[in-house]
Each structure stands twice: as structure tokens, then as C-alpha cells.
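Asker: Here's my sequence, what's the structure:
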Amino acid sequence: TAASASPAAMGVSAGSAGSGKPAAAGEPPHWGDLAADRSVVQARSTLAQALKLQGRLKEAVAHFSIAYRLCRDTPALGGPDGPNTFAAASNFASALQDVGRSSEAGALYR
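Answerer: Okay, here's the model as predicted:
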């Protein structure tokens, strides 16, 4: 289902995060297409929480990652030092710990 698809399967590529460039014809949409939309971040985070509660941890990690990177890379959402980014980083780090990726999680807590 679309709700459980990975970010890559949904056409979200980390390669052009915050670029603001539209996708070329036949190319999937990129981060820049979503960057300034708070509702996208909120939806990703809510979906990730639901997936985490269902035990679908790898999928949750993917969605928490998107929410975190959008907050971090989008000045309108707070940028790297904004409170939204810190909350998203904490959620992402917690999910990483849940899947045994503690060293990556630790870097987010710093």
C-alpha cells in the first residue's frame, strides 16, 4: 500500500534535498517538491509513529528520516537549529535505536 511503501518507492529522493528544483519529465519528485510544507512533515511523523506502534520499525525509520531531513533542510520549518528539527531528530533517533542502529542514533542526540 502507499502508506507502507518506502520513501524511495514513493519517489522521494534524498539526493536533491531542499533543492527547490522540480523533477524532470519522467523523474520522480524530489525533496525540493515537499520542503516548505509543514503538513508533509506532520503527516510523515504521524505515519511513522503509527508504523512504530504496529512494530513496522524499518518503515517507521524511513518516514522519521524524511520528517527529520525536511525540518533540518528547510529554513521555514526551523532549519538545523529549530525546535521542530530537534523534535524530529529525537523521534528519528529513537526509531534508529529500536532497529539496533545505536551509533547513528547517538549522533542525532548530540
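
Asker: which residues of the chain score low on pLDDT?
Answerer: 1-36 (pLDDT under 70).

Asker: redo that, cut-off 90
Answerer: For the chain, the stretches flagged by pLDDT under 90 are 1-40, 76-78, 109-110.

Asker: I'd like the distance between Leu57 and Ala43.
Answerer: Applying C-beta to C-beta, to the nearest Å, the value for Leu57 to Ala43 is 19 Å. C-beta: built from backbone N, CA, C; applies to glycine.

Asker: Pick out whichever of these two has more residues nearby.
Answerer: Leu57 (17 against 14; other C-beta atoms under 10 Å).

Asker: now that one: how far from His63?
Answerer: 11 Å.

Asker: what's the overlap in contacts for those two?
Answerer: The contact sets of Leu57 and His63 overlap at Leu51 (C-beta atoms under 8 Å, 6 or more residues apart in numbering).

Asker: Can you tell me how far the closest residue in space to Tyr109 that isn't next to it in sequence is from Val99?
Answerer: Computed as C-beta to C-beta, 6 or more residues apart in numbering, the closest residue to Tyr109 that is not its neighbour in sequence is Ala93, at 5.5 Å. Relative to Val99, Ala93 is positioned 11 Å away (C-beta to C-beta).

Asker: and these two? which has more neighbours close in?
Answerer: Set Ala93 next to Val99 and count neighbours by other C-beta under 10 Å: Ala93 wins out with 21 against 13.

Asker: May I ask you to confirm that Thr85 is in contact with Gly78?
Answerer: Yes. Counting by C-beta atoms under 8 Å, Gly78 is a contact partner of Thr85 at 5.0 Å.
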